[in-house]
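Novice: Return atomic coordinates for the entry below.
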Amino acid sequence: MASVLKQDGLLRGTATASPVAFNVEDVQSKARDFLTEVQQQAATILNQARQEADKIRMQAKQEGLRDAQKQIDETANRLSDQRCRTAIAGCSQSVDQLNAATTQWLSQWRNQTVELAARIADKLVRREMASNNELLRVWMEEAIVALRDERDLRVLVHPDDFSIAGRFLQSMAKSVTHADSVEIIPDPEIRPGGCIVRSKHGQIDQQLETQLQRLADQLNN
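Specialist: Now for the predicted structure:
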């Protein structure tokens with residue numbers, strides 16, 4: 001039998017007394033039900049909190065991964081740009097070095113080729129000069145015509161070429177108007193087969209060595 005507590009009391013302002021009864025088991029049952037409900041609610045709240053915390057951690061992790069990936073990409077791009085710039089600079093330097101080496105090689109090759117050509121020409125011309133004096137006539141005429149506006153021209157030749165140079169000048173007077181006023185002067189300093197045509201304002205050196213040097217200078221430049 002359930003325990004019943006009775007309390008008699010009178011309510012002020014009333015004529016009769018109203019008994020109030022407390023059922024202990026009912027109170028305990030309700031307390032247990034309330035506690036169970038509170039525990040369930042607490043468990044639900046805790047579970048939701050855990051889920052929210054997991055969600056927040058996952059989101060933070062994903063954001064952290066995105067940030068980390070972004071930093072990795074930026075670093076990779078920066079390193080890639082630096083490496084590209086370094087590679088480009090290295091390629092440019094290599095190209096410059098190659099161009100410099102090529103230019104130097106071409107210059108050396110050209111100088112050597114011109115020098116070789118000059119030596120060959122020297123031998124060929126000297127061989128021709130040994131058997132034919134026609135080159136002296138050609139060189140004399142070229143210089144006299146080039147200085148046609150000058151007066152008092154003098155042609156300096158080697159003493160061995162003095163006689164032949166005089167005959168060339170006489171023949172030249174038929175086609176070159178001012179050739180008859182030109183003077184032939186023997187000069188041992190002049191190389192055989194060549195000449196120097198001199199005026200008051202300058203001269204033209206028609207010696208073989210000088211002509212070959214002029215040609216080499218033109219080719220090298």
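Novice: Now do the helices in the protein.
Specialist: For the chain, the helices defined by DSSP state H occupy 24-131, 134-146, 162-172, 208-220.
Novice: If you average the pLDDT over the longest one, what comes out?
Specialist: Translated: helix 24-131. Mean per-residue pLDDT for helix 24-131: 75.
Novice: Test my guess that Asp205 contacts Ile196.
Specialist: Yes: proximity of Asp205 to Ile196 meets the contact threshold set by Cβ atoms under 8 Å, at 5.1 Å. (Glycine included, C-beta is placed from N, CA and C.)
Novice: Looking at these two, which is more packed in?
Specialist: Ranked by neighbour count (other Cβ atoms under 10 Å), Asp205 and Ile196 place Ile196 first, with 21 against 18.
Novice: So the more buried one sits against Gln206, correct?
Specialist: Yes: between Ile196 and Gln206 there is a contact at 6.6 Å, judged by Cβ under 8 Å.
Novice: Contact partners for Asn133?
Specialist: Applying Cβ atoms under 8 Å, 6 or more residues apart in numbering, we find Asn133 in contact with 161, 164, 168, 193.
Novice: Would you write a ChimeraX line that selects the buried entries of those residues?
Specialist: Selection of buried members from the contacts of Asn133 for ChimeraX, criterion 16 or more other Cβ atoms under 10 Å:
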select :161,168,193
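Novice: Next, give me the two most distant ones among the contacts of Asn133.
Specialist: Phe168 and Gly193 (12.4 Å; Cβ to Cβ).
Novice: list residues touching both of these two?
Specialist: Common neighbours of Phe168 and Gly193, using Cβ under 8 Å, 6+ apart, are 133, 136.
Novice: Is it possible to get JSON lines of the helices of the chain that adds distance to Glu189?
Specialist: Formatted as JSON lines, the helices of the chain follow (distance: least, Cβ to Cβ, whole Å):
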{"stretch": "helix 24-131", "distance to Glu189": "18"}
{"stretch": "helix 134-146", "distance to Glu189": "16"}
{"stretch": "helix 162-172", "distance to Glu189": "14"}
{"stretch": "helix 208-220", "distance to Glu189": "12"}
